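>>> Below are the sequence and a predicted model for it; my questions follow.
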Amino acid sequence: MRKYEAMLIFLPTLEEEKRAQLLERFKGIIENEGSITNVDEWGIRKLAYHIDDIAEGYYVLINFEATPEVVKEMDRIARISDGIMRHMIIREDD
């Protein structure tokens with residue numbers, strides 16, 4: 001398994017309950033074939049630039065170990081989820 005870091009930026013208008021459900025969905029995908037080492041919720045922060053006239057986002061950083069298939073599934077889910085504004089998953093160096 002490889003080490004990865006995922007940054008998820010949720011819509012700031014998303015209800016806390018829906019955001020928690022979506023975050024749990026990502027955690028479930030990771031824990032299915034890997035392990036989570038750290039989840040750091042940064043909260044609402046200003047964006048570097050406006051995205052669809054939105055100036056803020058709710059940031060969550062997830063560090064995990066998993067297979068490349070897990071990363072592909074997370075990427076797919078993040079792309080189709082309405083609550084996610086932007087996401088990035090990178091592989092950490094060993």
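Here it is on my side, so go on. Numbers count the residues shown, from 1 in each chain.

>>> From here on, just use CA atoms for contacts and neighbour counts.
OK.

>>> Show me the helices in the chain, by range?
16-33, 68-80 (DSSP state H).

>>> Which one of those lies nearest to residue 61?
Closest to residue 61 of the helices of the chain, according to C-alpha to C-alpha: helix 16-33, at 10.6 Å.

>>> For that closest one, report the contacting residues that lie outside it.
10, 36, 64-67, 70, 73-74, 83 (C-alpha atoms under 8 Å, 6 or more residues apart in numbering).

>>> So for that helix, what gets flagged as buried?
19, 22-23, 26-27, 29-30 (16 or more other C-alpha atoms under 10 Å).

>>> Residue 54: which of those is nearest?
Set against residue 54, the nearest of the buried residues of helix 16-33 by C-alpha to C-alpha is residue 19 (17.1 Å).

>>> Any figure for the gap between that closest one and residue 26?
Distance, residue 19 to residue 26, by C-alpha to C-alpha, to the nearest Å: 11 Å.

>>> Restrict the longest strand belonging to the chain to CA atoms and write it as PDB.
Identified as the longest strand of the chain according to DSSP state E is strand 35-51. The C-alpha coordinates for strand 35-51 follow below in PDB (Å, rounded to 0.1, in the frame of the first residue of the first chain):
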ATOM      1  CA  SER A  35      -6.200   2.700   6.600                       C
ATOM      2  CA  ILE A  36      -6.600   6.300   7.600                       C
ATOM      3  CA  THR A  37      -3.700   7.800   9.500                       C
ATOM      4  CA  ASN A  38      -5.000  11.400  10.000                       C
ATOM      5  CA  VAL A  39      -8.200  13.500   9.400                       C
ATOM      6  CA  ASP A  40      -7.700  17.200   9.900                       C
ATOM      7  CA  GLU A  41     -10.700  19.500   9.400                       C
ATOM      8  CA  TRP A  42      -9.500  23.000   8.800                       C
ATOM      9  CA  GLY A  43     -12.900  24.500   8.700                       C
ATOM     10  CA  ILE A  44     -14.000  27.400   6.500                       C
ATOM     11  CA  ARG A  45     -11.100  29.300   4.800                       C
ATOM     12  CA  LYS A  46     -10.900  31.800   2.100                       C
ATOM     13  CA  LEU A  47     -10.200  30.500  -1.400                       C
ATOM     14  CA  ALA A  48      -7.200  31.800  -3.400                       C
ATOM     15  CA  TYR A  49      -9.700  32.800  -6.100                       C
ATOM     16  CA  HIS A  50     -13.500  32.700  -6.500                       C
ATOM     17  CA  ILE A  51     -15.100  29.600  -7.800                       C
END
